[in-house]
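**Student:** Okay, predicted coordinates and the sequence, questions at the end:
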Amino acid sequence: MALIMTVDDSASVRQMVSFTLKNAGHEVIEACDGKDALSKLSGPIKMVITDLNMPNMDGITLIKNVRANASYKFVPIIMLTTESQASKKQEGKSAGATGWVVKPFKPEQLLAVVKKVLR
Amino acid sequence: MSQDDINRQAFLEEANELLAELETALLELEDTPEDSELVDRVFRAMHTIKGSGAMFGFDDVAHFTHDVETVFDMVRGGDVPVSKELLDLTLGARDHILELLEDDTGKAAGSPQSKAIIAGLRNLSGMGSGTDSVERPEVAQDDSGDSDSVVTYRVRFKPEQGVFSSGTNPLALIEELTEMGMHQVVAHIENIPPLSELDPEDCHVWWDVVLATDKGEDGIRDVFIFVEDDCELMIQTIDKLGALENDTSYKRLGEILVERGDLTQDDLKGVLGEQKRLGDLLTEAGVVSEEQIQSALAEQHAVQSMRKVKKEQTTASSIRVAADKLDYLVDLVGELVIVQAQITQVAGEKSDQEFIELAEELERLTDELRDSTLSVRMLPIGSTFSKFRRLVRDLSDELGKKIELTTSGAETELDKTVIERLNDPLVHLLRNSIDHGIEPPEIRDAAGKPTAGTIFLSAEHAGGEVLITIKDDGAGMDSNTILAKGVERGLVPKDADLSDKDIFNLIFAPGFSTANKVTSVSGRGVGMDVVKRGIDALRGSIDVDSKRGEGTVITVRLPLTLAIIDGLQIKVEDEHYVIPLSLVEECVELMQTEEERAREQQVLNLRGDIVPYIRLRDWFTVPGIAPEIEQVVVTGFDGSRIGIVVDNVIGEHQTVIKSLGRVYRDVDGISGATIKGDGSMALILDVPQIIRTASASRI
């Protein structure tokens, strides 16, 4: 079981992600945007799940910043995208994202992806 | 309130905030139409409402918001100007979203007003009145494949050098692949540069995998979904086992290499002129590398053996054996394990190299013999499940209830004896759920539940155990009534401060159950102690949790097998104990002076985690003085960890479980005994119980 950071400006999505992960036995750090996430980025975080559209600092910038931090260079980062964001997905991949989950998603889908990148 | 409701509630609150924010932003935008920051705010609000809405079941909202979002995306891109018309429409849209959120009946969706707004927005964005639906979300999930027949594939996976920098672990992908069926993996390491030039952050290895799976090519592709664009991925069908040929030989080496594109037909012919082994020839000739040959040979080998297995399966699929013969076999293996342990011990004492080697060989063989003997006794639990379907059907008809039984994990394997002895307790539990858990249709209806109740029965592996869960969405239990009953029966003191869970677990206490129901509404307790005894006899545990009005979950944990486990042998003074290895996480040293010992907190700092510990010496009141350096065996069970402090850790040890007599049944912390290599006895610790007792006394 791992420590996972979830970054989303939507409190309800954050709650759902966090609840789903905790239910599966993980520990969760919540952050409400990229800036908040960077300030909380410390310790044995094993994975980051981030939204792309956020105030203050968006997901793409966050991904770049996380990758620039030597301690988290290889940490899996999953972005939450919507179906209409194909170009964003590519941008995220180039910034260093590991994979994506398309919104809307169900808890099982999220867990499947977590399991996939955290094995 | 279920988790779904809580999520929905959280979304509603958030959506209301967002809509308020949206309104402010729109009004400000009216004054400063050029402010791109404001446009961003509008877009984000719409985006979140749409995304989250769909996730929490507000499809109408998501659907409607999609168009608004699209227009604002265009505004963001400068394709559509901010106009009064746009703002009017968006404000209208905002009001309509609010209406949709507050409306449970679904009438507001598709109203003329909503259509007018959408039409207006589409007009602005120049999309016309095209299709009316949000495009289907693409889902990054694996479909389990469309065909169920096993096909053999050749998968070549060459990740880009920089694959690590996207947080991808290529080995994990290979591992995921190998879980899909019979496989043969060859890693190509010829690209790894000498150490002096090696950049450890680059990936130089690539893989050839031969995989026989029923998941289909799409299933394989799904494994690589996140890296598809950043790697070289080749998937070829090489053998359909469905259409099995008679002989088990497979393509020749040269054919495989040519097919893979590693070798041309001409090169092959040229080399074939000479008369050495083809593989050697090709390597010498330098047309293909050693690794490529190895990989191709591996494929040849894999497919041949897969075909062979398939053939054997068709010729001799199963034999029936009398159950008592199997039982006898397991007994014998158990005895053999004990003798083997003795031999290993004697060999160690004699320090005769030849003898030691023989003993090790014997140990390896005994291990394999044990595993395969035990696996013979493993049966899927599914047959039991299907029996229950009938039980539920008949019983619910009789009681005039509507109940649906769903199951999962029917393929979970358990020891035959465990399955047989599990039947009665499970029937009992199911009957209880049907009889007292699920309410009659009219009561369910009044409570706003679907008239048909569901009972969910599942089995799954968890560590060295099997977890069986029975979950119903019935009336649940009333902790107050149960507590009152418990007090009345003298099971708990009047002023006891118990958690709900503790209270529910009272129903398993002997003496709690009577022929009477606990209450007239939700009664449970008829013979639950019998169930508990049955599970205990299987060295399992049972746990119940319930929410009034929402249902009850009963969890049964069972060991995989009854006969033999891997254990860690430990020692306190001259007494030996065994801890089941599946529960052991690690061993650390504990150094303490007398004074520290006197005022110790009995917690351990394990790399920053606080782990409480108990002294086995104190637990069993073993006389004597502890050595200066003690060992802590850190054990974990069900999410909690506890350290067990002992004098010495001796080592791993196959343990044949012998049950203790009736007299010792209720001794705290012991689940059985075993015979050691030298013929003396060691007690097997009941770690879950120790954890429970220890954490209870800490609180």
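**Tutor:** Yep, it's here.
**Student:** mind listing the strands for chain A?
**Tutor:** Here chain A has its strands, by DSSP state E, at A:3-7, A:27-31, A:45-51, A:77-82, A:99-103.
**Student:** do the stretch 451-600 of chain B as well
**Tutor:** B:453-462, B:465-472, B:541-547, B:551-559, B:564-572, B:575-580, B:584-591 (DSSP state E, counting those that start in this stretch).
**Student:** between the strands of chain A, which one is nearest to residue B:21?
**Tutor:** Closest approach to residue B:21 among the strands of chain A (CB to CB): strand A:45-51, 16.5 Å. Just so you know, the C-beta spots here come from the backbone N, C-alpha and C atoms, and that holds for glycine as well.
**Student:** Relative to the closest one, what are the paired strands and their orientations?
**Tutor:** strand A:3-7 (parallel), strand A:77-82 (parallel) (DSSP bridges).
**Student:** How far does the worst-scoring helix or strand of chain A on mean pLDDT sit from its chain's centre?
**Tutor:** Least confident helix or strand, chain A: helix A:86-95 with a mean of 84, by mean pLDDT, DSSP states H and E. Helix A:86-95 has its C-alpha centroid displaced from the chain centroid by 14 Å (CA atoms, centre = their mean, to the nearest Å).
**Student:** Name the residues of chain A found near chain B, please.
**Tutor:** A:9-13, A:15-16, A:19, A:25, A:53-55, A:67, A:73-77, A:80, A:82-84, A:93, A:96-106, A:109, A:112-113, A:116-117, A:119 (CB under 8 Å from any CB of the partner chain).
**Student:** hang on, the earlier thing: wait, which of the strands of the stretch 451-600 of chain B is closest to chain A?
**Tutor:** Of all the strands of the stretch 451-600 of chain B, strand B:453-462 sits nearest to chain A, with 10.7 Å by CB to the nearest CB.
**Student:** So chain B: which segments form each domain?
**Tutor:** B:3-125, B:147-242+B:297-307, B:379-514+B:523-559, B:564-697 (the TED database).
**Student:** any chance of these in JSON lines, plus mean pLDDT, distance to residue B:266 and mean neighbour count?
**Tutor:** Converted to JSON lines, those look like this (pLDDT from 0 to 100; distance: least, CB to CB, whole Å; neighbours: other CB atoms under 10 Å in any protein chain shown):
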{"stretch": "domain B:3-125", "mean pLDDT": "81", "distance to residue B:266": "55", "mean neighbour count": "18"}
{"stretch": "domain B:147-242+B:297-307", "mean pLDDT": "83", "distance to residue B:266": "22", "mean neighbour count": "17"}
{"stretch": "domain B:379-514+B:523-559", "mean pLDDT": "81", "distance to residue B:266": "50", "mean neighbour count": "18"}
{"stretch": "domain B:564-697", "mean pLDDT": "81", "distance to residue B:266": "56", "mean neighbour count": "16"}
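**Student:** so residue B:668, which of the three states?
**Tutor:** coil (DSSP: H, G, I helix; E, B strand; the rest coil).
**Student:** Find the nearest non-adjacent residue to it, please.
**Tutor:** residue B:693 (6.1 Å; CB to CB, 6 or more residues apart in numbering or on different chains).
**Student:** how far does the strand or helix carrying the one you found sit from the chain's center?
**Tutor:** Following DSSP states H and E, one finds residue B:693 within helix B:687-698. Offset of helix B:687-698 from its chain centre (CA atoms, centre = their mean): 25 Å.
**Student:** Now do it: which elements does it pack against?
**Tutor:** Applying 3 or more CB pairs under 8 Å, 6 or more residues apart in numbering or on different chains; DSSP states H and E, one finds that helix B:687-698 contacts strand B:609-615, strand B:629-637, strand B:640-646.
**Student:** re the thing from before, how about the domains of chain B, which one is nearest residue B:288?
**Tutor:** Of the domains of chain B, the one closest to residue B:288 (CB to CB) turns out to be domain B:147-242+B:297-307, at 10.6 Å.
**Student:** tell me the contacts of residue A:88?
**Tutor:** A:52, A:60, A:81 (CB atoms under 8 Å, 6 or more residues apart in numbering or on different chains).
**Student:** Residue ranges in chain A under the pLDDT threshold?
**Tutor:** Chain A contains residues with pLDDT under 70 at A:83-85.
**Student:** Centroid-nearest residue for it?
**Tutor:** residue A:49 (1.2 Å; CA atoms, centre = their mean).
**Student:** so that one makes contact with residue A:7?
**Tutor:** Yes - the pair residue A:49 / residue A:7 is scored as a contact, 7.0 Å apart, by CB atoms under 8 Å.
**Student:** the helices in the stretch 301-450 of chain B, which residues?
**Tutor:** For the stretch 301-450 of chain B, the helices defined by DSSP state H, counting those that start in this stretch occupy B:323-350, B:353-376, B:382-399, B:416-432, B:441-446.
**Student:** Rebuild those as TSV, extending it with distance to chain A.
**Tutor:** Converted to TSV, the helices of the stretch 301-450 of chain B look like this (distance: least, CB to the nearest CB, whole Å):
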stretch	distance to chain A
helix B:323-350	33
helix B:353-376	24
helix B:382-399	21
helix B:416-432	23
helix B:441-446	25
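**Student:** Rebuild these as JSON lines, extending it with distance to residue B:25.
**Tutor:** Listed next are the helices of the stretch 301-450 of chain B as JSON lines, based on distance: least, CB to CB, whole Å:
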{"stretch": "helix B:323-350", "distance to residue B:25": "72"}
{"stretch": "helix B:353-376", "distance to residue B:25": "65"}
{"stretch": "helix B:382-399", "distance to residue B:25": "55"}
{"stretch": "helix B:416-432", "distance to residue B:25": "56"}
{"stretch": "helix B:441-446", "distance to residue B:25": "45"}
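**Student:** So which of those helices is nearest residue B:485?
**Tutor:** When the helices of the stretch 301-450 of chain B are compared (using CB to CB), the closest one is helix B:416-432, at 15.8 Å.
**Student:** follow-up on the earlier one: for the helices and strands packed on helix B:687-698, could you give me CSV that also reports distance to chain A?
**Tutor:** Shown next, in CSV, are the helices and strands packed on helix B:687-698 (distance: least, CB to the nearest CB, whole Å):
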stretch, distance to chain A
strand B:609-615, 11
strand B:629-637, 11
strand B:640-646, 12
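**Student:** As TSV, those strands with distance to residue B:173 would be great.
**Tutor:** Listed next are the helices and strands packed on helix B:687-698 as TSV, based on distance: least, CB to CB, whole Å:
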stretch	distance to residue B:173
strand B:609-615	31
strand B:629-637	29
strand B:640-646	31
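**Student:** and stretch B:19-34 with chain A, contact?
**Tutor:** No - counting by CB under 8 Å from any CB, chain A has no neighbours in stretch B:19-34; the shortest distance is 10.4 Å.
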